[in-house]
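> Below is the sequence, then the predicted model.
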Amino acid sequence: MRILLTNDDGIFAPGLEVLERIAARFSDDIWICAPAEEQSGAGHSLTLSRPVRLRQHDARRFSVSGTPTDSVMMALREVMPGAPDLILSGVNRGANLGDDVTYSGTVSAAIEGALAGIRSIALSQVYEKEGMGDTVPFAAADAWGAKVIEPLLGVPFAPRTLVNVNFPPLAADEVKGIRVVRQGFHDYARGSVVEGTDPRGYRYFWFGLHGIEHTPGHATDLEAIQDGYVSVTPLQLDLTHDASLAAMAERFA
């Protein structure tokens, strides 16, 4: 099995090392093509206003001066000798839960794989404390990654779908298990914007996405993580709101 690894934290991110160990459980035909620098929050963006540069680090390891989407496109079109059987994106440093998937470069790399018809899985490690940087513990992802991926290899993925996986911020032996759940919903109305002043005296603003849980019960990724479970969520690329089609069409009849 040929596997492509990518991420949005960059080619030197510790989570990518974790992902390599996970992937090695399934194959020795592993290729890596990831952004040269961190691209968190890049979403499903393409680099169109400047050239994208490709750097080779060793026989099967490449970095791209662009976004996670650029990385997958370059891997499929320029780097790999043939299409991979599986694309794994991550392990992201931080959660990709609820509406966060729309911002996520990690999830968007898997979206690009899904658009190419390749089985694609995004993996993220949730952590509790802000400002942890590269000290974020990946113990849960390291121990549970293969346990999540192996069953998914035997499940048919519908066209234009992918799977989003999040690991709770717990020690490996404290994780309670795996839940297959819906995508949750965050309320960002009270999200933070931090204002500061740079050394030259100019104001700047730094966005912080601190959502409020709005999904009661235990049916979504938000509650699964809160309850100490790995969350597994199938996502689809068709964003059409089918229930609105008929009513909206009547307005234009």
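Received, thanks. Numbering: from 1, shown residues only.

> Near the nearest residue to Ala13 once chain neighbours are set aside, how many other residues are there?
Distances taken as C-beta to C-beta, 6 or more residues apart in numbering place Asn7 nearest to Ala13, at 5.9 Å, with adjacent residues excluded. Heads up, the C-betas are built off the backbone N, CA and C, glycines and all. When neighbours are counted by other C-beta atoms under 10 Å, Asn7 registers 31.

> State the pLDDT value of Asn7.
Asn7 is assigned 98 on the pLDDT scale.

> before we move on, what about His241?
So, for His241, pLDDT stands at 95.

> can you check the one 5 residues further on too?
Ala246 is assigned a predicted lDDT (pLDDT) of 95.

> Okay, now the unreliable bits of the protein?
Along the chain, the parts satisfying pLDDT under 70 run over 129-134, 187-191, 208-218.

> Now do the contacts for the residue nearest to Ala13.
Going by C-beta atoms under 8 Å, 6 or more residues apart in numbering, Asn7 touches 13, 15-16, 19, 34-35, 68, 89-92, 105-106, 109.

> Got phi/psi on the residue most central in space within the chain?
Of all residues in the chain, the one closest to the mean position by C-alpha atoms, centre = their mean is Thr106, 2.7 Å from it. Per-residue torsions, Thr106: phi -60, psi -50 (degrees, to the nearest 10).

> Hmm, Lys176 is touching Ser231, no?
No - in this structure, Lys176 is not within contact of Ser231 by C-beta atoms under 8 Å, at 11.5 Å.

> who's more crowded, those two?
Between Lys176 and Ser231, Ser231 has the larger neighbour count (other C-beta under 10 Å), namely 30 against 12.

> what's the helix or strand harbouring that one in contact with?
Assigned by DSSP states H and E, Ser231 belongs to strand 229-236. Residues outside strand 229-236 that contact it (C-beta under 8 Å, 6+ apart) are 97, 101, 107, 140, 144, 148, 152, 157-158, 160-168, 175-183, 221, 224-225.

> again, only using 7 Å
101, 144, 148, 160-168, 175-183, 221, 224-225 (C-beta atoms under 7 Å, 6 or more residues apart in numbering).

> Show me which residues of that strand are buried.
Tyr229, Val230, Ser231, Val232, Thr233, Pro234, Leu235 (16 or more other C-beta atoms under 10 Å).

> Identify the farthest-apart pair in these.
Maximum pairwise distance among those (C-beta to C-beta): 18.0 Å, between Tyr229 and Leu235.

> any chance you could map the strands in the stretch 101-250 of the chain?
119-125, 161-167, 177-180, 186-187, 192-197, 203-208, 212-213, 229-236 (DSSP state E, counting those that start in this stretch).
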